[in-house]
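**Student:** Sharing a model that was predicted from the sequence below.
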Amino acid sequence: QVQLVESGGGLVQAGDSLRLSCAASGLTFNNYVMGWFRQAPGKEREFVATINRGAGSTTYADSVKGRFTISRDNAKNTVYLQMNSLNAEDTAVYYCAARLVYKPTWRGDGVYWGQGTQVTVSS
C-alpha cells in the first residue's frame, strides 16, 4: 500500500532553519505531484508548496514564498521542504501529500497523505 513518511520536524527558535523529508513507497513516484501542507492548532489545513513530477514547476503559498523551498529526488522517492527564517506563525503539523498528475484537487481517490511531523518555532 502507499505510505508517505515525514521526518525532520522539531523545536527550533525563530530565524532557524529546518529541512523536512517525506519518503514515499507503494506508488510510482514519478506519476505524482508532491505537496506539503500544514495545520496549526485551531486552524484548517493549508497549502504550503507543491512540485510537479518533473520537478520543473513549483508553487508556494504567499506566506512562505522566498523562505521555503520544495524539491524532490525521484531516484529516492523523496520530497523535501527546506524551511529558512522560521517564525512562530510557521508552527504547525506539516503533512506530505501525493496526488496523481491528472487529478485536479487534493481530495479523493489517487491522493495520499502522510501522518505529519510537528514543527514548533519559539519566538
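**Tutor:** Happy to help now that I have it. Values in this document were obtained by computation on a predicted structure and should not be read as measured data. Numbers count the residues shown, from 1 in each chain.

**Student:** remind me which residues of this structure are low pLDDT?
**Tutor:** Where the chain drops to pLDDT under 70, the residues are 55.

**Student:** quick one, strands of it?
**Tutor:** Here the chain has its strands, by DSSP state E, at 3-7, 10-13, 18-25, 32-39, 46-51, 58-60, 68-73, 78-83, 92-100, 111-113, 117-122.

**Student:** In a markdown table: these, plus mean neighbour count.
**Tutor:** From N, CA and C alone the C-beta is placed, and that goes for glycine too. Formatted as a markdown table, the strands of the chain follow (neighbours: other C-beta atoms under 10 Å):
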| stretch | mean neighbour count |
| --- | --- |
| strand 3-7 | 17 |
| strand 10-13 | 13 |
| strand 18-25 | 18 |
| strand 32-39 | 23 |
| strand 46-51 | 20 |
| strand 58-60 | 15 |
| strand 68-73 | 18 |
| strand 78-83 | 22 |
| strand 92-100 | 21 |
| strand 111-113 | 17 |
| strand 117-122 | 17 |
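
**Student:** ok, the residue nearest to Val121 when sequence neighbours are not counted - how many residues close by?
**Tutor:** Nearest residue to Val121, sequence neighbours excluded (C-beta to C-beta, 6 or more residues apart in numbering): Leu86, at 4.6 Å. Leu86 is flanked by 23 other residues according to other C-beta atoms under 10 Å.

**Student:** How about Phe29?
**Tutor:** Neighbour count for Phe29, taken as other C-beta under 10 Å: 20.

**Student:** Which strand residues bridge Met34?
**Tutor:** Ile51, Ala98 (DSSP bridges).

**Student:** Distance check, Asn74 against Gly56.
**Tutor:** 12 Å (C-beta to C-beta, to the nearest Å).

**Student:** Comparing those two, which residue is more hemmed in?
**Tutor:** Asn74 (13 against 7).

**Student:** roughly how far apart are that one and Gly54?
**Tutor:** 9 Å.

**Student:** Leu18 too?
**Tutor:** Counting by C-beta to C-beta - Leu18 and Gly54 are separated by 26 Å.
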